[in-house]
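J.: Let me see the structure of the following:
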Amino acid sequence: MLLLMPALLISACARVKSARRARIERHLEVAKVFESREPYSTRTIGDSALSHFLAKNAEYRADSADITDFYAERHNQFAWILGDSISENAEAFVALSGVDDSQSPSATKGTRRLSALYNRGIDEGKLIPLCDSCATELELRLTGEYYRYVNRTNAGDLKHDLNTIIPAAKRDYGRLLDSLVANKMDLEGYEPANPQYKLLKEQVQKYSKFANTPWPALEFPAGKKRIKVGDSTAVVSDIGARLRILGDLEKTTDSTTQRYDTAMATGVKHFQSRHGMHPDGVIDSDFLNALNISPVDRIRTMLVNMERMRWSGDARPANLLRVNIPEFRLHVIQDSAEVLTMDVVVGARGTHTTIFSDTMTTIVMSPPWDVPSSIVHKEVLPGIAKNANYLAKHDMQIIGGSKDDPQVRQMPGATNSLGRVKFLFPNSFDIYMHDTPAKSLFDNEDRAASHGCIRLAHAEQLADFLLKDDSNWPPDKIHDAMFSGNTQMVKLAHAWPVSIEYFTAWVDRDGTLQFRNDVYGHDASLAGELFSARQAAATPAQ
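T.: Numbering: from 1, shown residues only. Model prediction:
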């Protein structure tokens, strides 16, 4: 019997390899249907560079066949670095796997090296050009870590071959859309099992039915910038016609009226709500700009988000703290149901909030704020130069450092930039959630205004929820601790997964198609990676 074991193992391995090869060939066959003539990347890796890398880095040798096959199938094209910058695919994989977190207990020498290289390419959410040798090493380490992640964790959230996620050639928009809409071929194995992908696909099919409808830009009449209920003007009938096409307005409403009545206002409010606007029923420039985005461009936005969903996992944890950056909103999910949601402020366009996943472990009551060095140099030192009382006015103290590079701390209190409580999910980006004294920002539709961290509209509610099963922390004690001025660290009995995401199109729990502005330009970047140049250029930055 013992003599049979090696033969059985060899036979089993052969069957696994055969099945894997068949799966890859099927994936490539499907992917080729969508290929354009434009290569995904013009940069390539030399055979000697790949073999040298595998020989030098023992941690990737177990997956060397996968890595070698991957590059051979794409003619040694780069996959993760486009031009001299990190691609969105790289950012998405790092966000999903957390392999760049050098502080993680599971970090290896390889992942710490990857973290150092990755962080060279991103500074405060902005892409920084990489040197040639750095780009090549980061490229190969990302591929190596991908296969380590998939093969070691049985990654149920990445069941697809890497070639189907990062193609060798850019997608042909027309062929991709035609296949999705007409269902001309079996796409099983190509499409992720993510429920949102399937819901957006249904919306793409719906929008394709009126994609060729003329969609000229609608404009206000001369001298008018807003239309309110009771106003009469010719553009009102055009607005009503579009709202009926999009499904925001009942088809039974009068299609010729030029008077803006309450029936049409209901449709306007519905459109405003699903585009992240205050649903006040007033037709203003923001409303008209959104209504002027054509169905073709909306389809392209949905396709970009569907592509992004390949990296978001097929299933979410039953308990999750989820922030969608373009939505400016936190969703608290418990036992797969949303139990709490609130508005948030995210990083401004120059100080992006990074997309990643981690785990919340600690709440800090009455937190001090150790001012980041970048803010010290950009704001605090110039403030001191203008006003000798700047530190006292902002309840700050210099606690170390030097005259030219001081360490500055803001004490707990009413003016503290972190507000009364902060929530820690340790990560290499130094991003966390916190309260804020600047409550007026939550009145804005566009809430990209922080230095990168996430400000909560109702931070005390989140603290109450996370500690609701801890008898040591009833709501009144939480409130007192938040306003005491004495810093207290509270360890959560159960850590909570955190996901910082970026979706500008999705279908909500009520089945309503939602759109948001591409606040950081990620959609435009991904369209450039995904589609051929001419097709990507048509994608609006919104």
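
J.: Would you indicate which residues of the longest strand seen in the chain are buried?
T.: Longest strand in the chain, counting residues (DSSP state E): strand 488-501. The neighbour-count check on strand 488-501 (16 or more other CB atoms under 10 Å) flags 490, 492, 496-501 as buried. All C-beta spots, glycine's among them, are computed from the backbone N, C-alpha and C.

J.: and residue 281, that's in a helix?
T.: No. In this structure, residue 281 is coil, not part of a helix, as judged by DSSP: H, G, I helix; E, B strand; the rest coil.

J.: which element is the closest residue to it other than its chain neighbours on?
T.: Of all residues not flanking residue 281 in the chain, residue 265 sits nearest, at 4.1 Å (CB to CB, 6 or more residues apart in numbering). Using DSSP states H and E, residue 265 sits within helix 262-273.

J.: same check, this time on residue 381
T.: helix 381-386.

J.: What mean pLDDT does that helix get?
T.: For helix 381-386, the mean pLDDT works out to 94.

J.: now what about it, what contacts it?
T.: 390-391, 394, 406 (CB atoms under 8 Å, 6 or more residues apart in numbering).

J.: let's see 6 Å
T.: Outside helix 381-386, the residues within contact range by CB atoms under 6 Å, 6 or more residues apart in numbering are residue 390.

J.: Quick one: classify the closest residue to residue 165 other than its chain neighbours as helix, strand or coil.
T.: Once flanking residues are discounted, residue 165 sits nearest to residue 310: 5.0 Å by CB to CB, 6+ apart. Under the three-state scheme (three-state DSSP), residue 310 adopts helix.

J.: Verify the stated contact: residue 310 with residue 193.
T.: No. Assessed by CB atoms under 6 Å, residue 310 is found out of contact with residue 193, at 10.6 Å.

J.: Neighbour count for the two, which is higher?
T.: Using other CB atoms under 10 Å as the criterion, residue 310 and residue 193 rank with residue 310 on top: 20 against 14.

J.: follow-up on the earlier one: could you identify the helix or strand that succeeds the helix holding residue 265?
T.: helix 285-291.

J.: how far does that next one sit from the chain's center?
T.: 24 Å (CA atoms, centre = their mean, to the nearest Å).

J.: Can you list the neighbours in contact with it?
T.: 218, 242, 275.

J.: wait, which of those residues is closest to residue 451?
T.: residue 275 (26.9 Å; CB to CB).

J.: That closest one: neighbouring residues, count only.
T.: Neighbours of residue 275 (other CB under 10 Å): 22.

J.: got a list of what it touches?
T.: 290, 515.

J.: gap between residue 88 and residue 94?
T.: 11 Å (CB to CB, to the nearest Å).

J.: now do residue 211
T.: 35 Å.

J.: Comparing these two, which residue is more hemmed in?
T.: For residue 211 versus residue 94, neighbours defined as other CB under 10 Å are more numerous around residue 94 (26 against 16).

J.: ok so that one is a strand residue?
T.: No. Residue 94: not assigned to a strand; according to three-state DSSP it is helix.

J.: Show the model's pLDDT score for it.
T.: Value for residue 94, per-residue pLDDT: 85.

J.: Please name the nearest non-neighbouring residue to residue 244.
T.: Distances taken as CB to CB, 6+ apart place residue 251 nearest to residue 244, at 5.3 Å, with adjacent residues excluded.

J.: Distance check, the one you found against residue 263.
T.: With CB to CB as the criterion, residue 251 and residue 263 are 12 Å apart.

J.: And these two? Which one has more around it.
T.: residue 263 (15 against 8).

J.: Name the spans of the stretch 51-200 of the chain whose pLDDT lies under the cut-off.
T.: With pLDDT under 70 as the threshold, the stretch 51-200 of the chain has low-confidence stretches at 100-107, 110, 120-128, 153-160, 183-186, 188-189.

J.: any chance you could map the helices in it?
T.: 64-73, 88-97, 109-121, 132-153, 162-165, 173-182, 195-208 (DSSP state H, counting those that start in this stretch).

J.: which one of those lies closest to residue 417?
T.: That would be helix 109-121 among the helices of the stretch 51-200 of the chain, by CB to CB, at 24.2 Å.

J.: Could you list every helix and strand in contact with that closest one?
T.: helix 132-153 (3 or more CB pairs under 6 Å, 6 or more residues apart in numbering; DSSP states H and E).

J.: Please tell me how far the helix it packs on is from the chain's geometric centre.
T.: On CA atoms, centre = their mean, the centre of helix 132-153 falls 21 Å from that of its chain.

J.: same thing with stretch 430-444?
T.: Distance, centroid of stretch 430-444 to centroid of chain: 19 Å (CA atoms, centre = their mean).

J.: tell me which residues of it are tucked away?
T.: 431-436, 441-442.

J.: do the same with stretch 136-155
T.: For stretch 136-155, burial by neighbour count (16+ other CB under 10 Å) applies to 136-150, 155.

J.: likewise stretch 203-215?
T.: 203-204, 207-208, 211, 215.

J.: got it, and stretch 372-381?
T.: 372, 376, 380-381.

J.: Quote the end-to-end distance of stretch 212-231.
T.: End-to-end distance for stretch 212-231: 31 Å, by CA to CA, to the nearest Å.
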